[in-house]
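> sequence first, predicted coordinates after that:
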Amino acid sequence: MGKNLFKTVVVSLLSVVVLLGGYSCSDDYPDDYLTEAQIRRMIEEALRENNEQLEFTRWEIVNITVEKDDWTWNDDGNFKRFEAVYELPELNESIYEDGAVLGFIFIGPRDVNEVQKSLPYVHTYGIYDDTGNIVDTYTETISFDVQYKFEGEEKPTVAFFIQASDLFGSEDDIQYLEEEYNFRIVLVW
């Protein structure tokens, strides 16, 4: 019995030595697996190669302030709105055809509770009677257009509009406009 136990212990120890020796001489990973470092290096190299051929997205921000006196009344039967048109030399044909033009307006007092709203900005107002009850409503839309080539003009333009939903109004309504409107145009290409 002592001899069998001794043989079992020797064979077990020899097996453990062979297994530990074989494992310590082998790679940590089999050949068909990649390490995390190898995968990261491959991704970084692929991104570097692809980015050499790609154009990165670029943008330009143009801030425009429209003063109260800059608005003109358009009484064309289709519009009846206030308009203010400005040159936008930053807009080129490539941006106009293949890029994007985003418009924003700042609402509220600057540095107090000002918020930036995307255009068109639509707001509904109530008309109140003497007792404070709403007797009617109208909606005002502030919007913009850009034109790359405008009839008779050499430079691209941006036009801002203020229009009431009821299409009522006149040049005299300029008294109800804010002293200034702050717009932001973002060109993305």
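That came in fine, so what should we check first?
> name the residues linked to the most centrally placed residue in the chain by a beta bridge.
In the chain, the centroid-proximal residue (C-alpha atoms, centre = their mean) is L102; its distance is 8.6 Å. The bridge-partner assignment for L102, based on DSSP bridges, gives V186.
> quick one: it from E154, how far?
Separation of L102 from E154 (C-beta to C-beta, to the nearest Å): 24 Å. All C-beta atoms are positioned from the backbone trio N, CA, C, and that covers glycine.
> please apply the same query to L34.
Separation of L34 from E154 (C-beta to C-beta): 59 Å.
> of the two, who's got more company?
The residue with more neighbours, out of L34 and E154, is L34; 12 against 8, by other C-beta atoms under 10 Å.
> which residues does P156 contact?
87-89, 91-92, 96, 146-150 (C-beta atoms under 8 Å, 6 or more residues apart in numbering).
> now do Y121
Contacts of Y121 (C-beta under 8 Å, 6+ apart): 105, 107, 141-143.
> ok, of these, which come out buried?
105, 107, 142-143 (16 or more other C-beta atoms under 10 Å).
> so I162 bridges to which residues?
F82, I142.
> now do W73
For W73, the beta-bridge partners under DSSP bridges are F82.
> could you dump stretch 173-189 to CSV, C-alpha only?
Extracted in CSV, the C-alpha atoms of stretch 173-189 (Å, rounded to 0.1, in the frame of the first residue of the first chain):
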residue,chain,number,x,y,z
ASP,A,173,-46.8,98.3,-36.2
ILE,A,174,-43.1,98.8,-36.0
GLN,A,175,-43.8,100.4,-32.6
TYR,A,176,-44.5,96.9,-31.2
LEU,A,177,-41.2,95.5,-32.3
GLU,A,178,-38.3,95.1,-29.9
GLU,A,179,-35.4,97.6,-30.1
GLU,A,180,-33.1,95.0,-31.4
TYR,A,181,-33.2,91.3,-32.4
ASN,A,182,-30.1,89.2,-32.1
PHE,A,183,-29.8,86.4,-34.7
ARG,A,184,-27.2,83.7,-35.1
ILE,A,185,-26.5,82.0,-38.5
VAL,A,186,-24.4,78.9,-38.4
LEU,A,187,-22.9,77.7,-41.6
VAL,A,188,-21.9,74.0,-41.6
TRP,A,189,-19.9,72.3,-44.4
